[in-house]
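Novice: predicted structure and sequence below. I'll ask about it afterward.
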Amino acid sequence: MKRAAKGHALQVVTANALRSGSVVFRTAGDDWSLDIADAVVAETSEAGEALLAAAMRDVAADVVVEAYLVDVERQENGPRPLLLRERIRALRGPTITENRTLAPAATGLLAAAC
Amino acid sequence: MYRYDEFDRRFVTGRVEQFRDQVLRRLSGELTEDQFKPLRLMNGVYLQLHAYMLRIAIPYGGLNAARLRKLADIAMKYDRGFGHFTTRQNLQFHWIELKDVPQILADLAEVEMHAIQTSGNCIRNVSADHFAGAAVDEIADPRPYAEILRQWSSLHPEFTYLPRKFKLAVSGSAHDRAAIQVHDIGLQIVRNDAGETGFTVYVGGGLGRSPFIGKKVRDFLPEAELLSYCEAILRVYNMFGRRDNKYKARIKILIHEAGVDEIRRQVEEEYAQIRDSRLTLPKAELDRIAAYFAAPEFAALPERSQAHEQALAGDRAYADWVERNVSPHRQPGYAIATIALKAVGEVPGDISADQMRVVADIAERYGHDEVRVSHEQNLVLPHLRKDDLPQVFAILQQAELASPHAGLITDIISCPGLDYCSLANARSIPVAQRITERFADLKRQRDIGDLKLKISGCINACGHHHVGHIGILGVDRKGEEFYQITLGGSGDENCSIGGIVGKGFSSDEIVDAVEKIVDTYIALRASPSESFLEAFRRVGDAPFREALYAEAA
């Protein structure tokens, strides 16, 4: 995967919420959002480190766990991670349809048989 | 099925309360993540890509209606209405919130289930043949031994901090359906010339980044010595297994580095010290445990069933299902049914809460209240009357659980891969789905015949790709998903590790590559009855390599 031009990628900070485990992104208001579109984008490595340092205070405060920087590129609808792994995390779910479609209950047949 | 005694109950409910307190202390900040992580792992709680995942132990894959219904309730109340069966015969929930875990564990304890030792460097869930107690070729039921091993290994103080995880499997038939030779200890039940029951013991098998077939260390271990010998093996491993490098910490590496003869010598030496100790299994205790697994009260039935034969003659869909998904039972008039959880486009091993309830209802009404999870991520109804099979099929059909492809190319083992797993390098499930779509035509699948295709999304090999007749390993190549193909692996009694056939394929190319391999096999097989694996073993990988890479060369 190509990094951003001139050697340094744009970055956002991600983590997982302690209670729910949900993927979250650090926002400009020093808060966390489930939506990567709300993430604050660090444009320099210094800004990235500062963003992570601030996020680590929420790790220490037991709000989130496993905070780290993610390389992104800017797109119309918000930051887009460069790595597939991070793009999937930002989706808030898998790339496939989960088997939640509840099967038509077969209880009718079973009741008839009992 | 084994039922908890007072000790088991106290132990499991005690652990639930202990973990409830630990979660509260974590949420209040009293425990740090570093302090808490080992505690949550000991209770089966992982942090995956999107959420916490809870892995629930299903000892030797044994379920009943009450357990399945409880899992369905948990899926609906705390998860997203489905569960995922794994290659260790366990069940994983992918969308659990940490705050809910203590209550989930309390709910599980009501049906004698837990998540203890489903993670961490300890002895994991003991797996066994999913046809146990029903198979026609069974020498003895492996479940009582698996249960004895479970009791021995649960919170064993000496083996709670092993160099790395440790997996045992037991097969009661000469045809190995439990992949015992790719386990840290594989136990094959045998009878000696005197008619006594015992075990052929394999040690040091395993998949992952360094796959090895287990080495035979004992031809015949008397059954009473089961625990003494396993304890001797674990002691040698615990003492000498490497702790400096987690990738070299499994017993397979110890055996590879020290040599099987040296390890056998050390094990035998340790065994000689402890063999007549408290670990010798008294016959009465063996019998007591075996009684929990006594066969249900089968009716005296003729081998042939009119209802079954009429349905076979009149219903093509039923006949197709019976051909692949129904296996002979040791009791006349009975059969074993496999519920394949890999219908076209589905996620291998996934099952919705409603489907769990349907299977529970069938088990209760028709199946002596027994359901098994297979390491191939399917469910098994082990004790059905042939007379009831048409009705069971009709119910499964309505629940979208009657896919007639057990053991065919679309009966794929697949790990969750990069869609869920934080260790994965590439996605597995979409590849599995595209293969099931490409080979959706049942006539074509049946023409191809027995073919085990297994997919892992990283080198940890949870999808058992090394022992797939066709194995697919997802890798990350410069940020892109790539898929390496191995051919000729097998997890049964003629165990083999598949060999890499050549350079990998992109996500766009991988399904075509699989099809090319299959077409090559069809063209070269000696007869339609020569299976893919037999043909591969006869001709080697050259024709496949040529078919895959000739144009590029």
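Specialist: Looks like it arrived, so ask away. Here the structure is a predicted model, which means the values were calculated and not measured.
Novice: could you list the low-pLDDT ranges of the chain?
Specialist: Picked chain A for this. Chain A contains residues with pLDDT under 70 at A:1-8, A:100-114.
Novice: that's the wrong chain, I wanted chain B
Specialist: In chain B, residues with pLDDT under 70: B:551-553.
Novice: so which residue of it comes closest to chain A?
Specialist: Here chain B gets closest to chain A at one residue, B:Gly479, 2.8 Å apart by C-beta to the nearest C-beta. C-beta: built from backbone N, CA, C; applies to glycine.
Novice: mind checking the longest helix of the chain?
Specialist: Because you didn't say which chain, this covers chain A. Criterion DSSP state H: the longest helix present in chain A is helix A:45-60.
Novice: actually, chain B is the one I wanted.
Specialist: Counting residues, the longest helix found in chain B (DSSP H) is helix B:6-27.
Novice: check which helices and strands that helix sits against.
Specialist: Applying 3 or more C-beta pairs under 8 Å, 6 or more residues apart in numbering or on different chains; DSSP states H and E, one finds that helix B:6-27 contacts helix B:33-42, helix B:101-110.
Novice: that one vs helix B:101-110, what angle?
Specialist: Interaxial angle, helix B:6-27 versus helix B:101-110 (axes from the mean of the first three to the mean of the last three C-alpha atoms, to 10 degrees): 170 degrees.
Novice: okay, the angle between helix B:6-27 and helix B:33-42?
Specialist: Counting by the same axes, to 10 degrees, helix B:6-27 lies at 150 degrees to helix B:33-42.
Novice: and the stretch 301-450 of chain B, which residues reach chain A?
Specialist: Within the stretch 301-450 of chain B, the positions near chain A by C-beta under 8 Å from any C-beta of the partner chain are B:346-347, B:350-355, B:357-358, B:361-362, B:365, B:391, B:394-396, B:398-401, B:418-420, B:424, B:427, B:429-430, B:433.
Novice: at 7 Å instead, please
Specialist: B:346-347, B:350-355, B:358, B:361, B:365, B:391, B:394-395, B:398-400, B:418-420, B:427, B:429-430, B:433 (C-beta under 7 Å from any C-beta of the partner chain).
Novice: out of those residues, which are inside strands?
Specialist: B:350-352 (DSSP state E).
Novice: circling back to that earlier point, residues making contact with the longest helix of chain A?
Specialist: Contacts to helix A:45-60, defined as C-beta atoms under 7 Å, 6 or more residues apart in numbering or on different chains, come from residues A:8, A:11, A:13, A:15, A:26, A:30, A:40, A:42, A:64-65, A:67, A:69.
Novice: nearest to chain B, of those residues?
Specialist: Taking C-beta to the nearest C-beta as the measure, chain B sits nearest to A:Val65 out of the contacts of helix A:45-60, at 5.1 Å.
Novice: which of the helices or strands spans that closest one?
Specialist: strand A:64-75 (DSSP states H and E).
Novice: in that strand, what's buried?
Specialist: A:64-65, A:67, A:69-73 (16 or more other C-beta atoms under 10 Å in any protein chain shown).
Novice: got the CA positions of that strand in PDB?
Specialist: Presented in PDB, the C-alpha positions along strand A:64-75 are these (Å, rounded to 0.1, in the frame of the first residue of the first chain):
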ATOM      1  CA  VAL A  64     -10.200   3.300  26.000                       C
ATOM      2  CA  VAL A  65      -7.600   0.600  25.400                       C
ATOM      3  CA  GLU A  66      -4.900  -0.100  22.800                       C
ATOM      4  CA  ALA A  67      -4.600   3.400  21.400                       C
ATOM      5  CA  TYR A  68      -2.400   3.800  18.300                       C
ATOM      6  CA  LEU A  69      -1.800   5.900  15.200                       C
ATOM      7  CA  VAL A  70      -3.200   4.900  11.800                       C
ATOM      8  CA  ASP A  71      -1.900   6.200   8.500                       C
ATOM      9  CA  VAL A  72      -4.700   7.600   6.400                       C
ATOM     10  CA  GLU A  73      -5.400   9.600   3.200                       C
ATOM     11  CA  ARG A  74      -8.000  12.300   2.900                       C
ATOM     12  CA  GLN A  75     -11.100  11.600   0.900                       C
END
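Novice: gap between that strand and the chain center?
Specialist: When C-alpha coordinates are averaged (C-alpha atoms, centre = their mean, to the nearest Å), strand A:64-75 and its chain have centres 8 Å apart.
Novice: quick one: the very next helix or strand once past it near chain B?
Specialist: Later in the chain than strand A:64-75, the nearest helix or strand by DSSP H and E is strand A:78-81. No: on the criterion C-beta under 7 Å from any C-beta, strand A:78-81 is out of touch with chain B, staying 10.7 Å away.
Novice: strand A:78-81: what's the following helix or strand?
Specialist: Heading C-terminal from strand A:78-81 (DSSP H and E), you reach helix A:84-90.
Novice: does chain B sit close to that next one?
Specialist: Yes: with C-beta under 7 Å from any C-beta as the measure, helix A:84-90 is seen reaching chain B through A:84-85, A:88-89.
Novice: what are the phi and psi angles of B:Val45?
Specialist: Dihedral pair for B:Val45: phi -100, psi 120, per degrees, to the nearest 10.
Novice: what bridges to it?
Specialist: Using DSSP bridges, the beta-bridge partners of B:Val45 come out as B:Leu54.
Novice: that one contacts B:Val101, doesn't it?
Specialist: Yes: here B:Val45 reaches B:Val101: they are 5.7 Å apart, a contact under C-beta atoms under 7 Å.
Novice: mutual contacts of the two, please.
Specialist: Joint contacts of B:Val45 and B:Val101 (C-beta under 7 Å, 6+ apart) are B:Leu54.
Novice: my guess is B:Gly205 contacts B:Leu187, does it?
Specialist: No: using C-beta under 7 Å as the test, B:Gly205 is too far from B:Leu187 to be in contact (11.5 Å).
Novice: pretty sure B:Leu234 sits in a helix.
Specialist: Yes: judged by DSSP: H, G, I helix; E, B strand; the rest coil, B:Leu234 forms part of a helix.
Novice: ok, it - contacts?
Specialist: Contacts for B:Leu234 (C-beta under 7 Å, 6+ apart) come out as B:Phe159.
Novice: distance between the ends of stretch B:427-446?
Specialist: Stretch B:427-446 has an end-to-end distance of 27 Å (criterion: C-alpha to C-alpha, to the nearest Å).
Novice: I'd guessed B:Arg242 sits against B:Ile253; true?
Specialist: Yes: using C-beta under 7 Å, B:Arg242 is in contact with B:Ile253, at 6.5 Å.
Novice: between these two, which has more neighbouring residues?
Specialist: Using other C-beta atoms under 10 Å in any protein chain shown as the criterion, B:Arg242 and B:Ile253 rank with B:Ile253 on top: 21 against 16.
Novice: can you pull up the most central residue in the chain?
Specialist: Went with chain A since none was named. Geometric centre of chain A, nearest residue: A:Ala90, 3.7 Å, by C-alpha atoms, centre = their mean.
Novice: my bad, the chain I had in mind was chain B
Specialist: Note: chain B centre (C-alpha atoms, centre = their mean) maps to B:His375, 2.1 Å.
Novice: give me the number of residues near the closest residue to that residue other than its chain neighbours?
Specialist: Once flanking residues are discounted, B:His375 sits nearest to B:Thr87: 5.0 Å by C-beta to C-beta, 6 or more residues apart in numbering or on different chains. The local packing of B:Thr87 (other C-beta under 10 Å) involves 24 other residues.
Novice: the longest helix of chain B to strand A:64-75, inter-axis angle?
Specialist: Using the same axes, to 10 degrees: helix B:6-27 against strand A:64-75 is 60 degrees.
Novice: which ones are touching B:Pro142?
Specialist: Going by C-beta under 7 Å, 6+ apart, the list of residues near B:Pro142 reads B:128-129, B:132, B:170-172, B:189.
Novice: for B:Gly479, grab the count of nearby residues.
Specialist: Neighbours around B:Gly479, by other C-beta under 10 Å: 12.
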